[in-house]
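>>> fold the following for me, if possible:
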Amino acid sequence: MMHITFLGLGFEQLGVSLLSAIAKQQGHRVCLAYSAALFDDRYNFNMPALASLFNEDKEVLKTIERQQPDVLACSPITSTYQWMINIAKRAKEGKPNLKVVFGGPHVSAVPDVVMQDGVVDCLCVGEGDESFPLILSAIERNEEPVSVSNFWYRNTKGEIVKGGRGPFIQDLDRLPIFDKTLWEDYIRVGDPYYTMATRGCPYRC
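Okay, here's the model as predicted:
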């Protein structure tokens, strides 16, 4: 069993909720290090003068330190990428053996740029539902992943190994239900309830 900490910012991310459920199915312990990003949500409401007063970076890093994860997993969009890469870098300075795994929309769009930061050990390009457990198993065994679809990683020589692109998952019913318990200490009862019943876009634009 490994300890995995997901990094959250501002609101629930369904991709994180699903990967948390998958990791728990493997028997891993899963935690969340979360910032509400008050007055700096990177989306609609940004007031720098107030944001500095409510900055939670130190608390997030203390949470990661307290949880002592083996893996720090992040799923940024473009507007949250710099914050997440900065937190991951600082967390890794405190725990050099920490493995940092990135995925999500921004990573899938510019994986080469993400790997150039030198912070990320593994990244997922595209869907990671089937590949993420394989990466976790390799990390747990202290082995280099071999031919894991959709995943790139940096080997012991510092070289970037790129896995092939895997097919999209067609049968979504075989995936577990989103892990809502991961967010229950941070998301209020009156907040929107996020879920997803399908994937992709029906149009061809």
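
>>> where along the protein do the strands fall?
Ranges of strands within the chain are 3-9, 29-35, 71-74, 99-102, 122-124, 151-154, 160-162, based on DSSP state E.

>>> possible to save those strands as TSV with mean pLDDT, mean neighbour count and distance to residue 176?
C-betas here are computed from N, CA, C, even on glycine. Putting the strands of the chain into TSV (pLDDT from 0 to 100; neighbours: other C-beta atoms under 10 Å; distance: least, C-beta to C-beta, whole Å) gives the following:
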stretch	mean pLDDT	mean neighbour count	distance to residue 176
strand 3-9	96	23	15
strand 29-35	96	21	12
strand 71-74	97	26	16
strand 99-102	96	24	19
strand 122-124	93	27	18
strand 151-154	90	22	20
strand 160-162	90	14	28
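
>>> would a markdown table of those with distance to residue 19 be doable?
Formatted as a markdown table, those follow (distance: least, C-beta to C-beta, whole Å):
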| stretch | distance to residue 19 |
| --- | --- |
| strand 3-9 | 7 |
| strand 29-35 | 9 |
| strand 71-74 | 7 |
| strand 99-102 | 9 |
| strand 122-124 | 9 |
| strand 151-154 | 13 |
| strand 160-162 | 21 |
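
>>> quick one: neighbours of residue 167, just the number.
Residues near residue 167, counting by other C-beta atoms under 10 Å, number 10.

>>> ok, it to residue 11 distance?
Distance of residue 167 to residue 11, given as C-beta to C-beta, to the nearest Å: 30 Å.

>>> please name the residues that touch residue 152.
Shown in contact with residue 152 (C-beta atoms under 8 Å, 6 or more residues apart in numbering): 111, 115, 122-123, 125, 160-163.

>>> could you do residue 183 as well?
Counting by C-beta under 8 Å, 6+ apart, residue 183 has contacts 8, 12, 17, 32, 34.

>>> which of those residues sit farthest apart?
Pairwise distances across these (C-beta to C-beta) peak at 12.6 Å, for the pair 17 and 34.

>>> which secondary element of the chain has the worst mean pLDDT?
Least confident helix or strand, the chain: helix 48-51 with a mean of 68, by mean pLDDT, DSSP states H and E.

>>> show me the shaky parts of this protein.
Scanning the chain for pLDDT under 70 picks out 39-47, 49-51.

>>> partners of the most centrally placed residue in the chain in the sheet?
Nearest to the mean C-alpha position of the chain, counting by C-alpha atoms, centre = their mean, stands residue 74 at 2.3 Å. Assessed by DSSP bridges, residue 74 has beta-bridge partners residue 102.

>>> wait, it sits on residue 4?
No - using C-beta atoms under 8 Å, residue 74 is not in contact with residue 4, being 11.3 Å away.

>>> overlap in contacts, those two.
When contacts are counted by C-beta under 8 Å, 6+ apart, residue 74 and residue 4 have no shared neighbour.

>>> many thanks, I have nothing further to ask.
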